[in-house]
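Peer 1: Sequence and predicted structure are below.
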Amino acid sequence: MTKQKTSLQQWLIAAAVILVILFSAAGIDYSSLAAFTPSMGLEVLKGLMHPNWGFVYDGSGEDLLSLLLLTIGIAFLGTAIATVLAIPIMLLSASNLWKAHPWVARIGKFVCNVLRAFPELVYAIIFVRVVGPGPFAGVLAIGVHQIGMLGKLYTEEMEAMDEVPVEAVRAVGGNFWQAMLYARAPQLMPIYSSLSLNHFEIAVRSASTLGLVGAGGIGAPLIFAIQARNWAQVSIILLGVIITVFLLDLLTGYIRKKLR
């Protein structure tokens, strides 16, 4: 009886997923496909196969290398700000730190949910209006979004940690901050560092698109090249982003392995 019930639930879930997929597919406008021809696709592919190597570096500050370094800088500074500010958010959100006042943890979690509810691109549009176009708007966009993301992850790790060392510190007369420093921090800091490094990788990918709305980085020349159908420049920019992300993935993976 239990197996039949489980099988029925699986079939119902599968049917629901299929219905959602069909509903989503039916809601898409396919009229633009009428203008597509194989020659258009071949033209794009031909352009992408011939990167504009002259754009890699020309000393103008607007070349590929300079803009990729700017993109990495935006991602790094945004993640660094988020890492620092996510810690007080975590201290407010962790329910095991507020057993006597659970409403405080609920407020902290609500703040995290609000901050991570919007993607970096939405924040970038807002900050471009507030502080003007440029890399600083990109840093703020990534920082605010990742405060919510890292705050949530830090909170989950805090709530899931082993409380035995904390109880041992309390048993010998340690206060809240001593327990935090000598019992919680040694367990959590390697995990928190790994999470921050992982989100730095994500931030580099996000920062690559923020230039689309004037928030600095490699995104602006990419969208201009696409609009101008300059596929050779699109190709070298995409190639640079891929190589950058790959190298950063190797570096952060090595550092995370050392932190374990």
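Peer 2: Cool, got the structure.

Peer 1: First residue to last residue on stretch 105-124, what's the distance there?
Peer 2: Across stretch 105-124, the terminal residues are separated by 29 Å (Cα to Cα, to the nearest Å).

Peer 1: Torsion angles phi and psi at Met29?
Peer 2: You called it Met, but residue 29 is Asp. Dihedral pair for Asp29: phi -90, psi 110, per degrees, to the nearest 10.

Peer 1: next SSE after the helix or strand hosting Pro88?
Peer 2: Using DSSP states H and E, Pro88 sits within helix 64-93. Per DSSP H and E, helix 64-93 leads on to helix 102-115 as the next helix or strand towards the C-terminus.

Peer 1: quick one, that following helix and helix 64-93 angle?
Peer 2: In terms of direction (axes from the mean of the first three to the mean of the last three Cα atoms, to 10 degrees), helix 102-115 departs from helix 64-93 by 160 degrees.

Peer 1: for helix 102-115, packing partners?
Peer 2: helix 64-93, helix 135-160 (3 or more Cβ pairs under 8 Å, 6 or more residues apart in numbering; DSSP states H and E). No exception for glycine: its C-beta is placed from N, CA and C like everyone else's.

Peer 1: Same list (those) but as a markdown table, adding mean pLDDT, distance to Glu120 and mean neighbour count.
Peer 2: A markdown table is the format used below for those (pLDDT from 0 to 100; distance: least, Cβ to Cβ, whole Å; neighbours: other Cβ atoms under 10 Å):
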| stretch | mean pLDDT | distance to Glu120 | mean neighbour count |
| --- | --- | --- | --- |
| helix 64-93 | 92 | 8 | 20 |
| helix 135-160 | 92 | 5 | 23 |
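
Peer 1: wait, which of these is closest to Phe23?
Peer 2: Among the helices and strands packed on helix 102-115, the nearest to Phe23 by Cβ to Cβ is helix 135-160 (29.3 Å).

Peer 1: How many residues are close by Gly27?
Peer 2: Number of residues near Gly27 (other Cβ atoms under 10 Å) recorded here: 7.
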